[in-house]
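Undergrad: here's a sequence, model it:
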Amino acid sequence: MDDEKPVKRSPALLKTGALWVVLAIILAISMILSIRFGSVSVSTGELLSEIHHYISTGEMGNGSSSMILWQIRIPRTIFAALTGMGLALSGLALQTMTRNDLADPYVLGVSSGASTGAVAAIIWGWFGFLGGYSVSAGAFLGAALSTAIVILCSGKSTSPIRLILVGMGISALFSSLTMMIIYGARHEAQVRSAMFWLLGSLSGMQWKDLSLVALVVFLMALALTAVKRDLDLLLLGEGEAQFLGMNLKRFQLFLILITSLVVAFLVSKAGIIGFVGLITPHLARGLCGVSHGRMIAFSSVLGALVMVWADVFSRALFAPEEIPIGVLTCIVGAPIFLWIVTHRYGEGT
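TA: Predicted coordinates:
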């Protein structure tokens, strides 16, 4: 029997894998460094001392720095990374599904529906019996309602253009409802709270919030990994995908439901954060190509990296005041997106 030859891995594949490892290391370092910054500065020495104390004893220290790090900044930083991962993966799935590079996690009107529900909870007091979870409950209900309307209005059509247009209409409707609710508010404090939420904020994140967020985001990553070949098929076009045996409508419905669920959950916790899900898939394509097996890994790391540093600047630029993180992601994301468009797409394309 002939000797089996060892399988040689492509140099390009090895290079891509090494690049992903480098990005993952940069993300880990960034997360450690990010917890230094905020309204109260924590020196590198204090940070390393706290980490060493926890590793040695398994317990947090008793000082104020320890409380700031372990109870406020570390859970917030982890949440920022998870949010970036979720938004990036949602953007990747929707851009592939619609075959539209301008699609992002909010193209289906999910964010607008969540905004309406959250603002209603803030100003009208909906779900007050849930206490601190009232805004999250309102946002999730609004997002679920907008998603249901999009699915009903899209009908049996598999046209991505129809899906985008329906999403735009739903987004406009719920955005108008949100503005009407804010306009009718009787107290200025309610308006300020609603507007701050609409612009995105990671403040107030606690350890108890992380487990469910991590579960939702990682389940989405696993689900997209399981259908990565189908996502690659979609790049061939609608007709080719159906010819090769794909049930296009069922697959679209699956992607709509999973992305809407993740975006609704993240928006209900952090408010509206734009451009992360739009630009990170573009950056990932530039680094690893169009294969979704690699795109999922790169988009996750890049999304987390973008959100971690956006959160750092939101806390540190005008400390002790905090800038809404959605403002920063738009200020940074818009020029990056314009650069991608002008350099990737020529005048004749």
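Undergrad: alpha carbons only: can I get the least confident helix or strand in the chain by mean pLDDT in PDB?
TA: In the chain, no helix or strand scores lower on mean pLDDT, DSSP states H and E than helix 238-243, which sits at a mean of 71. This file holds the C-alpha atoms of helix 238-243, laid out as PDB (Å, rounded to 0.1, in the frame of the first residue of the first chain):
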ATOM      1  CA  GLU A 238     -29.800  33.600  -5.700                       C
ATOM      2  CA  GLY A 239     -30.300  31.400  -8.800                       C
ATOM      3  CA  GLU A 240     -27.000  29.500  -8.400                       C
ATOM      4  CA  ALA A 241     -27.700  28.900  -4.700                       C
ATOM      5  CA  GLN A 242     -31.200  27.500  -5.400                       C
ATOM      6  CA  PHE A 243     -29.800  25.400  -8.300                       C
END
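Undergrad: what sits up against the helix or strand hosting Leu219?
TA: Using DSSP states H and E, Leu219 maps to helix 207-226. With contact meaning C-beta atoms under 8 Å, 6 or more residues apart in numbering, helix 207-226 is reached by 71, 75, 78-79, 82-83, 85-86, 89-90, 92-93, 231, 258-259, 261-262, 265-266, 269, 292-293, 296, 300. Backbone N, C-alpha and C define where each C-beta goes, glycine included.
Undergrad: how about a cut-off of 7 Å?
TA: By C-beta atoms under 7 Å, 6 or more residues apart in numbering, the residues outside helix 207-226 that reach it are 75, 78-79, 82, 85-86, 89, 93, 258, 262, 265, 269, 296, 300.
Undergrad: out of these, which are buried?
TA: 75, 78-79, 82, 85-86, 89, 93, 258, 262, 265, 269, 296, 300 (16 or more other C-beta atoms under 10 Å).
Undergrad: would you turn those into TSV with distance to Leu141, pLDDT and secondary structure?
TA: Output for those, formatted as TSV (distance: C-beta to C-beta, whole Å; pLDDT from 0 to 100; DSSP: H, G, I helix; E, B strand; the rest coil):
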residue	distance to Leu141	pLDDT	secondary structure
Pro75	25	91	helix
Ile78	26	94	helix
Phe79	21	94	helix
Leu82	22	95	helix
Met85	24	96	helix
Gly86	19	94	helix
Leu89	23	95	helix
Ala93	23	91	helix
Ile258	18	88	helix
Val262	16	88	helix
Phe265	12	84	helix
Lys269	14	84	helix
Ile296	29	95	helix
Ser300	28	95	helix
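Undergrad: quick one: buried residues of the least confident helix or strand of the chain?
TA: For helix 238-243, the neighbour count (16+ other C-beta under 10 Å) marks Ala241 as buried.
Undergrad: what sits against Val263?
TA: So Val263 contacts Ser90, Pro105, Val110, Ser111, Ala143 (C-beta under 7 Å, 6+ apart).
Undergrad: and if you look at Ile256?
TA: Leu108, Thr147, Ile151.
Undergrad: what's the helix or strand for it?
TA: Residue-wise, Ile256 maps onto helix 248-270 under DSSP H and E.
Undergrad: restricting to C-alpha, output that helix in CSV.
TA: Presented in CSV, the C-alpha positions along helix 248-270 are these (Å, rounded to 0.1, in the frame of the first residue of the first chain):
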residue,chain,number,x,y,z
LEU,A,248,-33.3,30.2,0.0
LYS,A,249,-36.4,31.5,1.8
ARG,A,250,-35.9,29.2,4.8
PHE,A,251,-32.2,30.2,5.0
GLN,A,252,-33.1,33.9,4.8
LEU,A,253,-35.6,33.4,7.6
PHE,A,254,-33.0,31.7,9.7
LEU,A,255,-30.5,34.5,9.2
ILE,A,256,-33.2,37.2,9.9
LEU,A,257,-34.3,35.6,13.1
ILE,A,258,-30.8,34.9,14.5
THR,A,259,-29.4,38.4,13.7
SER,A,260,-32.6,40.1,14.9
LEU,A,261,-32.4,38.2,18.2
VAL,A,262,-28.8,39.0,18.8
VAL,A,263,-29.1,42.7,17.8
ALA,A,264,-32.3,43.1,19.8
PHE,A,265,-30.6,41.6,22.9
LEU,A,266,-27.5,43.8,22.5
VAL,A,267,-29.5,47.0,21.8
SER,A,268,-31.7,46.3,24.8
LYS,A,269,-28.6,46.4,26.9
ALA,A,270,-26.4,49.0,25.3
